[in-house]
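Asks: Requesting a structural model of the entry that follows:
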Amino acid sequence: AIDPKILLKVALFGYSRGMISSRSLERACIENITFMALTCGEHPDHSSIAAFVSSMAEEIEDLFTQVLLYVMKRGF
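Replies: Numbering: from 1, shown residues only. So this is what the prediction gives:
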């Protein structure tokens, strides 16, 4: 099983890059060096990502909104 912290990092970073499908996030974890660093070399499959996002959808949405507001306040 993949640590939920890793799945959250993958989801939030992917969303910030416009990646919303679990298959594109899975591919990024294999091909993209930034995602590889976020996952510490783990390779979550799309079904694990999708199940995590489905089970935590409200929490992820709230956290993503908070991150975007923080970034906007800081002028990034």
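
Asks: In the chain, which residue is most central in space?
Replies: residue 11 (1.5 Å; CA atoms, centre = their mean).

Asks: Roughly how far does residue 68 sit from residue 10?
Replies: Taking CB to CB, to the nearest Å as the measure, residue 68 falls 17 Å from residue 10. C-beta: built from backbone N, CA, C; applies to glycine.

Asks: Give me the pLDDT for residue 68.
Replies: For residue 68, the model assigns a pLDDT of 90.

Asks: try residue 1
Replies: 86.

Asks: Excluding residues flanking it in the chain, which one is nearest it?
Replies: residue 48 (7.8 Å; CB to CB, 6 or more residues apart in numbering).

Asks: if I pick the one you found, what's in contact with it?
Replies: With contact taken as CB atoms under 8 Å, 6 or more residues apart in numbering, residue 48 is in contact with 1-2, 7.

Asks: same question, residue 25
Replies: By CB under 8 Å, 6+ apart, the neighbours of residue 25 are 10-11, 14, 19, 35, 44, 46, 49.
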